[in-house]
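Participant: here are the coordinates; sequence isn't available:
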DNA sequence: CTAGGGAAGCTACACATC
DNA sequence: GATGTGTAGCTTCCCTAG
C-alpha cells in the first residue's frame, strides 16, 4: 500500500502554489462579506487602481513614464475639482413663486408599486454558518484533522489527511 | 431689511442666525410677514436634496419659530407654516414632496399644540407619504411620522404599526435606518428593533448596538434568550464595525448594569447553556478593557469554590495568555498537579445531582485549561493521566467531557501506542462492567469481552470479519423510535449491556478521532475493531449500529484495504437506511476518498456518484442535501472526483429557488464556487464547459416559477457564473500565469451562439438574454486572430439560419460582430508585425469594451 | 495621523415616454 | 419597442473628527 500511496497523484489545488495557507487565507478574506448565498451576492468589480498597479509592475520599463503621467494627471484633476467645486448653491428668495405649479398635483400614482414592497426575508440576513476554508478542508469524521494538502514534491508515504497539530 | 432678505442672508452661515432671528422678530407684526415667510418657504422647497444652503435656511426657520415661542408664547407660527407645507406633500415634483416632509418633520417637533383637524390631515397625509415611490421622500415622511408617536401601547396603533412595517419591509436601507433611529422603544416595538441586528445593511446592524440598544438602559429588560441572541449576532457578525459596536455596548453599558462585575454579568448570561457565547463575551470584553484583564487574580479559594462563571473566566484568561504568549500572566494559573487536584474535587462534587450540570461545565473549563498548559512536568502529567482514565472508567460522563478528556490524554501520553494501551484498559473495564453476569458462560460469543480476545490478531483477520458484513447480513432498518422498542423488548441486563456498549463505542469514537497510526502497526486497533466495532455494526439496536458504523468509518481511515472493502457496506446503508444512516454513509465514503484518493473508489464509481447525486437533489431532506453538497465540494476542491459530472447539478442546486431555505447548502456552495473557480484555470474551464447548458436549464426553472420565487433573474445568475470564470480573478501566486484563460469568455461566446441556433422562435426572452450576455463578456484584444475568426464564422452561420430577432438584440449582435471583426484585424496586424518586433507589452492586458469600439 | 463619512463621477439597469 | 431619463450602487477622492 505504501507504493500506491506514493504513486497517488496530488490533486490538491495547492499543488500549483507554493503556499497553501496563503491561498486559503486569501479566499477566506475575500469571501468574508459574500457569504449569504446567491440572492445577496455582490459581484466584486476589480478595482481600477489595483489593475493599474499590476500593469505598472509588469511594465517596469515604462515606470518613469507612468510616474510623470500620473503627476500631470493628478494636477489636472485637482484643478478640475476646484473649478467644479465652485457650484453655486445660492437660493434666490426675491422672486415670488407660482404656487399653482409648485403644488401642482401629480397626475400619476405617487405610491411605490406593491411588488416593490416584497422583501427577501424581511431584509434580514440568513443564519450564518460561518463557512470557511477550514470547514471544507476538514474530514467529516475527524473534525480535528485538516486535509493536508501538500505540494507534490512530498516523498512521505503518509496518507493525505493528517491530524492537525493545533 | 425685508423678510426675504433676512431669510436669504441665513443661507450663508449658521453663525449669523442669532442676529437674523432678531431682525426677523422685528418684522413679525407687519401685514405681509406671514405671506412673505411662506413665500420664502416656497423658494426653499424647490431646492433639491444635498444643497447645504437649503439646510441652513430650514435650520434658521426652526430656530426662529423656537425663538418666537420663547418670546411670545401666544404667537403661533408653527401651525400656519405646517398648513402651508402640507399643500406640498402631494405635489408632482418629488423635490417639493421631499422638502415639505423634511420641513414638516422639523416643525412638528416644535409644535406645542395642534388642532384636531390639522393633526388628522397631517397624520393621514404622512401615512400616505411613507409609501411614496421616492425613497428620499419616504425617509423624511417616516421621520415626520415618528414625531406623531404616542405612548399608546394598544394592539392597534396605526402610526406605530406603519413605522414597524417600514422597518421590516421598506426596500431602502435609508428608510429602515430612519425608522430604526426614530421609533419609540417599547415592549411592542422591541422585537422589531432587535431583529434589525440582522439587517442586510451593516450600518443598520451597527446602529442597533451603538444607538438603539443603549437607549433601553438596563439589558435586563431583555430575557436571557434575547440577550444571548443579540450578543451572538453582534459578536459573530462578519462586519468588524458591528462586532466592535456590540463589544462596546457590552463593555460599557451592560457591564455597568451588572455593577461593573464580570461574574455578575456572566451570571446573567446563563453560561452553562451558552458556553460559546460566554467565551466570545469575555474575549471581546478583555479586548476593550485590557486593564481589567491584567488585574485578574485567582486566589487559592477561587479554585476551591469554582462556579460556572468563575471557571470560564479562568479558562478564557488562560487561553488569551496562551494565544498572546503572555507567559508571565499565565503563571497566575496553577500548575498541572494543582489543577489535577481541583479537577478531582469536581469529580467528587459531581455525585451531588443538584449541581451536576454546573460541575460538568466547570470540569470542561478545567480540561480546556489543562489542554493549554505546559505538559512538561512528568509528575503532573502522570497524575492528570491517572485522574482522567480513572474518571472515564468509573463515571458516566457527557460526551463533550469525554471528547475533551481523550484529546487531552493523547497529548499526555508519550506515544500513540501508550495512549491506545491506556484506552484499551479503560474500554475493557467499561465493557466488563456492562457484561457482568452471575453466569459468565451466558455471554454470547460475538460479544465476548475484548480482554479475552487474541490481541495479536492483525488487520487481516479483522478485515475478514468486515468482509462478512456483506449487505445481505445487515439487519433491516427498524422503526424510527428504536430506543423505545429497545427499552420494552430487552430486559434490564440487556439494557445494561447495551448501554455499556454504547459507552465503549463513544470512547472508541473519540479515541479513533485522535490517532493516525497505521492499523497494522498498532495491535490494539484490530482487537477493538473485531471485538467491539464489528459486532456493534451487526447490532439490532439502531443507536449502537449507528455508533458502530461511525467507528468502522474511523477505522477505515486508518486502513486502506479495510476502507476499500467497506465501501459497499456504506452504499448499502445509504440505499436502505434512514436519514441518520444515510448521513453516515455520505460522510464516511467522502472521508475515505479524500483520505486515499479517488482510486480507492474505482470499483464503485457509478454507485458512489449516484449516491451523492441522489442526496444532492433530495429537496425533501435538507440536511442530507447540504451534507452531499459539502461532500461534493470537498471532492472537487481537494481530489477532483468526477468534476465534470458534479459541477452542473451543483450549480443548479445553488441557484435553484427551492434550496433558499437550505442555507447551509447555499453557504457551503457560495464559498466553494469562487474558491474552486479562482483556484485554478482548469477548474474555470470546467465551469465554462457547462455554462450554457446549465444556464439554459436554470432559465427553464425560472420560467416555471411563480412571481414570488423570481428573486434571482437569469441575467443575475449568468453574471455570477461568468464572474467565476473571469480570468482576471484567477488567484495567481505568480504574475506570469495571469495569461491563463484569457480566451475563456470568447469560448463562452461561441457556446452562446451555438445555443442560439438551437432555441425555438417562441423563446425570444431567452434569446434576448443570451445575446445581451455577449456584450458583457470579457474578451481581450490580444488573442490570436484565428480565435476571433472562429467566432465570426460562427456568427455568420448563425445569421444564415435567419432567426427572427428584435431590433435591440440584433443591434447588440451586430455590435459584437463588429468588435470581433475589429479585434481580428488588429490581431492580424500585430501578427504580421511580430515577425519583426519580438513583443509588444503595451496592449497585453487591455480589454475591449464592446460598446465603445467603432 | 488615520479612519470613516461624504461628495463626485461612473455604470448598469429600470422605468417612462413617445 | 426605441429612446431618453433617473436612480442605485459602486469606486475614488477629499475632508474632518477622533
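Facilitator: Cool, got the structure. Note that the coordinates shown come from a computational prediction; the quantities given were computed from them, not determined experimentally. Residues are numbered from 1 along each chain as shown, chains lettered A, B, ... in the order given.
Participant: can you tell me which helix in chain B is longest?
Facilitator: Ranked by residue count and defined by DSSP state H, the top helix of chain B is helix B:807-834.
Participant: Give the rounded mean pLDDT of that helix.
Facilitator: Averaging pLDDT along helix B:807-834 gives 85.
Participant: is that helix up against DNA strand C anywhere?
Facilitator: No. Shown here: helix B:807-834 not in contact with DNA strand C (Cβ under 7 Å from any atom of the strand), separated by at least 10.3 Å. The way it works is simple: take the backbone N, C-alpha and C, and place the C-beta from them, glycine included.
Participant: How far does that helix sit from its chain's centre?
Facilitator: Put simply, helix B:807-834 sits 44 Å off its chain's centre (Cα atoms, centre = their mean, to the nearest Å).
Participant: quick one: contacts for residue B:517?
Facilitator: Contacts for residue B:517 were tallied using Cβ atoms under 8 Å, 6 or more residues apart in numbering or on different chains; they are B:416, B:417, B:420, B:525, B:558.
Participant: just checking, the third one touches residue B:525?
Facilitator: What it means is residue B:420. Yes. Counting by Cβ atoms under 8 Å, residue B:525 is a contact partner of residue B:420 at 7.0 Å.
Participant: Generate a ChimeraX selection restricted to the buried subset of the contacts of residue B:517.
Facilitator: Buried residues within these, by 16 or more other Cβ atoms under 10 Å in any protein chain shown, are selected in ChimeraX with:
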select /B:416,420,525,558
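Participant: Just the ones in helices from the contacts of residue B:517, please.
Facilitator: Per DSSP H, helices hold the following members of the contacts of residue B:517: B:416, B:417, B:420, B:525.
Participant: what would the residues you listed look like in JSON lines with distance to residue B:89 and pLDDT?
Facilitator: Converted to JSON lines, the ones in helices among the contacts of residue B:517 look like this (distance: Cβ to Cβ, whole Å; pLDDT from 0 to 100):
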{"residue": "B:416", "distance to residue B:89": "78", "pLDDT": "93"}
{"residue": "B:417", "distance to residue B:89": "83", "pLDDT": "93"}
{"residue": "B:420", "distance to residue B:89": "80", "pLDDT": "95"}
{"residue": "B:525", "distance to residue B:89": "80", "pLDDT": "93"}
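Participant: Need these in a markdown table (columns: distance to residue B:180).
Facilitator: A markdown table is the format used below for the ones in helices among the contacts of residue B:517 (distance: Cβ to Cβ, whole Å):
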| residue | distance to residue B:180 |
| --- | --- |
| B:416 | 56 |
| B:417 | 61 |
| B:420 | 58 |
| B:525 | 59 |
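Participant: now, among these, which is nearest to DNA strand D?
Facilitator: residue B:416 (50.0 Å; Cβ to the nearest atom of the strand).
Participant: what's that closest one in contact with, if anything?
Facilitator: Residues near residue B:416 by Cβ under 8 Å, 6+ apart: B:410, B:515, B:516, B:517, B:522.
Participant: Residue B:812: which of the residues you listed is nearest?
Facilitator: Nearest to residue B:812 out of the contacts of residue B:416 is residue B:516 (Cβ to Cβ; 58.7 Å).
Participant: Okay, strands next: where are they in chain A?
Facilitator: With strands called from DSSP state E, chain A shows them at A:145-147, A:161-163.
Participant: quick one: residue B:241 and residue B:202 touch, right?
Facilitator: Yes. Contact criterion Cβ under 8 Å: residue B:241 and residue B:202 qualify, at 6.7 Å.
Participant: I'd like to know which elements the helix or strand that contains residue B:230 is packed against.
Facilitator: According to DSSP states H and E, residue B:230 maps onto helix B:224-235. Identification of packing neighbours for helix B:224-235 by 3 or more Cβ pairs under 8 Å, 6 or more residues apart in numbering or on different chains; DSSP states H and E yields helix B:190-195, helix B:240-249, helix B:275-288.
Participant: list the buried ones in that helix?
Facilitator: Of the residues in helix B:224-235, those buried by neighbour count under the rule 16+ other Cβ under 10 Å are B:227, B:228, B:229, B:230, B:231, B:232, B:233, B:234, B:235.
Participant: now stretch B:771-784
Facilitator: The neighbour-count check on stretch B:771-784 (16+ other Cβ under 10 Å) flags B:771, B:773, B:774, B:777, B:778, B:779, B:780, B:781, B:782, B:783 as buried.
Participant: Is that stretch positioned near chain A?
Facilitator: No. Remark: stretch B:771-784 sits outside contact range of chain A, by Cβ under 8 Å from any Cβ of the partner chain, the gap being at least 9.9 Å.
Participant: From the chain's centroid, how far away is that stretch?
Facilitator: Put simply, stretch B:771-784 sits 34 Å off its chain's centre (Cα atoms, centre = their mean).
Participant: what's the first-to-last distance across that stretch?
Facilitator: One end of stretch B:771-784 sits 23 Å from the other (Cα to Cα, to the nearest Å).
Participant: picking that back up, identify the contacts common to residue B:420 and residue B:525.
Facilitator: Here residue B:420 and residue B:525 have B:515, B:517 as joint contacts, going by Cβ under 8 Å, 6+ apart.
Participant: Relative to chain A, which of the contacts of residue B:517 is nearest.
Facilitator: Checking these against chain A by Cβ to the nearest Cβ gives residue B:558 as the nearest, at 8.5 Å.
Participant: Now do the same for the closest one: its pLDDT.
Facilitator: At residue B:558, pLDDT is 94.
Participant: about what we covered before: between residue B:241 and residue B:202, which has more neighbouring residues?
Facilitator: When residue B:241 and residue B:202 are compared for neighbours, residue B:202 comes out ahead with 17 against 14, by other Cβ atoms under 10 Å in any protein chain shown.
Participant: Can you report how many residues lie near residue 146?
Facilitator: No chain in the question, so chain A it is. By other Cβ under 10 Å, the residues close to residue A:146 number 19.
Participant: that answer is for a different chain, and I need it for chain B
Facilitator: Residue B:146 has 23 nearby residues by other Cβ under 10 Å.
Participant: Give me the pLDDT for the nearest residue in space to residue B:388 that is not next to it in sequence.
Facilitator: Excluding the flanking residues, the one nearest residue B:388 by Cβ to Cβ, 6 or more residues apart in numbering or on different chains is residue B:405, at 4.9 Å. At residue B:405, the model reports a pLDDT of 97.
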